[in-house]
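Visitor: Provide a 3D model corresponding to the input given below.
(one chain, ligands or ions: 2)
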Amino acid sequence: MSDLDAWGRIRTDMRQSIGKEAYQSWIDPLSLDKIDEGTAHFAAPTSFIGNWVERNYGDRIRSHFAREGYAVNRLKFAVAPAAARKAATPAGERTPSPPLQDSAETESLPGAPLDPRFTFDRFVVGKPNELAHAAARRVAEGRDVSFNPLVLYGGVGLGKTHLMHAIAWKLQEENPDFRVLYLSAEQFMYRFVQALRFKDTIGFKKLFRSVDVLMVDDVQFIAGKESTQEEFFHTFNALIDQNKQVIISADRAPGEIDGLEDRIKSRLQWGLVADLHPTDFELRLGILQSKLDAHREKDPSIEIDDKVIDFLAHRVSTNVRVLEGALNRLFAFSSLVGRKIDMEMTHETLADLLRASERKVTIDEIIRKVMEFYNLRMADLMSARRARAIARPRQIAMYLAKTLTSKSLPEIGRKFGGRDHTTVMHAVKRVEELKQTDSQIAEEVEILRRALEA
Ligand code: ADP
Ligand code: MG
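Guide: Ligands and ions are numbered 1, 2, ... in the order given. The predicted model follows:
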């Protein structure tokens, strides 16, 4: 019986931490059958719920069990009809959880929880996300709805969800009685399917049409799902017609989402469409610096070599999530072994990431770009001529080959007309010095780097 007591307490905690609506949708429908050899066996009404819980709350549930003294490392969900589930948890043996009110009486909305870290304060602005950020800020003021809908699109890990949550936080802060509903397109679909199943599409419509601001994240998810799209389209139109703000994100431009109805594509383009470009070096540097500052507040003892930040910004990824992951791994490692984060530790700790993100830039591409840029011929670059107009670009090309590829000095030397590795080393040093003293050169190197990394 104590398994059930523990589960009862976990449920109560979860209800607090994930919010009543999420609790009702995902946790309440579960019942614990038994805990057996590290596996907690649950009955769930559908496998969808089981999968969802595993994906979104799995870790949390496991750590709750750990706190209750159970070593649960796996959750298993068996699909059981409602009656069987009731029988599995005899009423008398179940720790009562706080009575749940009918959701109709409350103001809370069935959205996804907002991440407290995803605020404007913590969003670093750079060229690639400038427009999206400005648009998000404007919409977050909530004064007029001149950009309706606001569509934010861009690749994975570029900050779409962060910006949407930031808008939601800000709107709620300024207008506490605004009904802001944020959810993923997947949740939208799930809600809709549930409404169909329980014959409550009227309730569904009423709910979605009663919000002041609707945010649907990753709308590409509903591509190809016809009835969901149909419902989405009507919800969307109803809100726009009432001058209610709608904010949508997608992983690519609305027009490019295959399987999305044309009428939705075109309606999405009525408002403001702002894209998030892949991060560039400066933005990554800024983000790393800001994450480092935030970490320092928690752990002032952290020491990190400046070179590491620079290296990560160059090498890890345009995806900010991956970048953050790399930095966090270094923080964790450093605090475990009590060592300063230096290049050696970085290479050791991030070997897998670094291999995966190995620049695909080749020496041939570098040579080609440099030739183009300085208007030189291949023969010039390969020659032994020392005239500055030729020698300088040659050194820059070698420097880029060294910093953007993983080729060794001798390999690079060979590519440049069979030069010695010391020549390459000298070139790299020289360009490093020049970058400090000659802003023209620094800029040229940066332009070339960007062109090559694009
Ligand atoms: P997306 O939804 O576009 O896939 P997210 O918004 O989830 O990406 O961002 C991934 C991670 O990167 C989050 O932890 C987010 O806080 C962080 N992130 C992305 N862009 C920025 C930025 N400009 N400044 C600070 N953090 C960022
Ligand atoms: Mg996202």
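Visitor: wait, isn't R284 in contact with L312?
Guide: Yes - shown here, R284 and L312 form a contact pair, counting by CB atoms under 8 Å, at 7.5 Å. C-beta: built from backbone N, CA, C; applies to glycine.
Visitor: Pull up the overlap in contacts between these two.
Guide: L323 (CB atoms under 8 Å, 6 or more residues apart in numbering).
Visitor: Those two: who's more crowded?
Guide: Using other CB atoms under 10 Å, the more surrounded residue of R284 and L312 is R284, with 26 against 23.
Visitor: before we move on, which element is that one in?
Guide: helix 281-298 (DSSP states H and E).
Visitor: How about that helix, which residues are buried there?
Guide: Across helix 281-298, burial judged by 16 or more other CB atoms under 10 Å covers F281, L283, R284, L285, I287, L288, K291, L292, H295.
Visitor: Can you give me the distance of the residue in the chain that ligand 2 sits nearest to to P300?
Guide: Going by CB to the ion, ligand 2 is nearest to T161 of the chain, at 3.2 Å. Going from T161 to P300 by CB to CB, to the nearest Å gives 30 Å.
Visitor: quick one, which of these two is more surrounded?
Guide: Shown here are T161 and P300; by other CB under 10 Å, T161 has more neighbours (21 against 7).
Visitor: ok, for the more buried one, nearest residue in space, not its chain neighbours?
Guide: Spatial nearest neighbour of T161, excluding adjacent residues (CB to CB, 6 or more residues apart in numbering): D217 at 5.7 Å.
Visitor: got it, and N56?
Guide: In this structure, N56 finds its nearest non-sequential neighbour in W26, 7.3 Å apart by CB to CB, 6+ apart.
Visitor: What is the neighbour count of the one you found?
Guide: The number of residues near W26, taken as other CB under 10 Å, comes to 19.
Visitor: Which residues are in contact with it?
Guide: Contacts of W26 by CB under 8 Å, 6+ apart are I18, I49, W52, V53, N56, Y57.
Visitor: My guess is the second one contacts F77. True?
Guide: Yes - taking CB under 8 Å as the definition, I49 is a contact partner of F77 at 7.4 Å.
Visitor: which residues do those two both contact?
Guide: L30.
Visitor: what's the spacing between the residue nearest to N56 and S249?
Guide: Distance from W26 to S249, by CB to CB: 22 Å.
Visitor: One more: I396?
Guide: Per CB to CB, I396 is found 40 Å from S249.
Visitor: before we move on, what about I18?
Guide: Counting by CB to CB - I18 and S249 are separated by 22 Å.
Visitor: Ok, R414 next?
Guide: On the measure of CB to CB, R414 and S249 end up 47 Å apart.
Visitor: for the record, mean pLDDT for the helix or strand hosting V53?
Guide: Element membership of V53, judged by DSSP H and E, is helix 47-67. Mean pLDDT, computed over helix 47-67, is 84.
Visitor: May I see the buried residues of it?
Guide: Residues I49, G50, W52, V53, E54, N56, Y57, R60, I61, R62, H64, F65 are the ones in helix 47-67 that count as buried (16+ other CB under 10 Å).
Visitor: In contact with the third one, which residues?
Guide: So the one you mean is W52. W26, Y190.
Visitor: again, only using 7 Å
Guide: When contacts are counted by CB atoms under 7 Å, 6 or more residues apart in numbering, W52 touches W26.
Visitor: what residues does stretch 192-199 touch?
Guide: With CB under 7 Å, 6+ apart as the criterion, stretch 192-199 contacts T201, G203, F204, T228, E231.
Visitor: The fourth one sits in which helix or strand?
Guide: Translated: T228. Assigned by DSSP H and E, T228 falls in helix 226-241.
Visitor: My reading is that D275 is in a strand; is that accurate?
Guide: Yes - D275 forms part of a strand when assessed by DSSP: H, G, I helix; E, B strand; the rest coil.
Visitor: That one and L158 touch, don't they?
Guide: No - counting by CB atoms under 7 Å, D275 sits too far from L158 to count as a contact (9.0 Å).
Visitor: ok, those two, which is more surrounded?
Guide: The neighbour count for D275 versus L158, taken as other CB under 10 Å, is higher for L158 (25 against 18).
Visitor: How about that one, nearest residue that isn't a chain neighbour?
Guide: L276 (4.1 Å).
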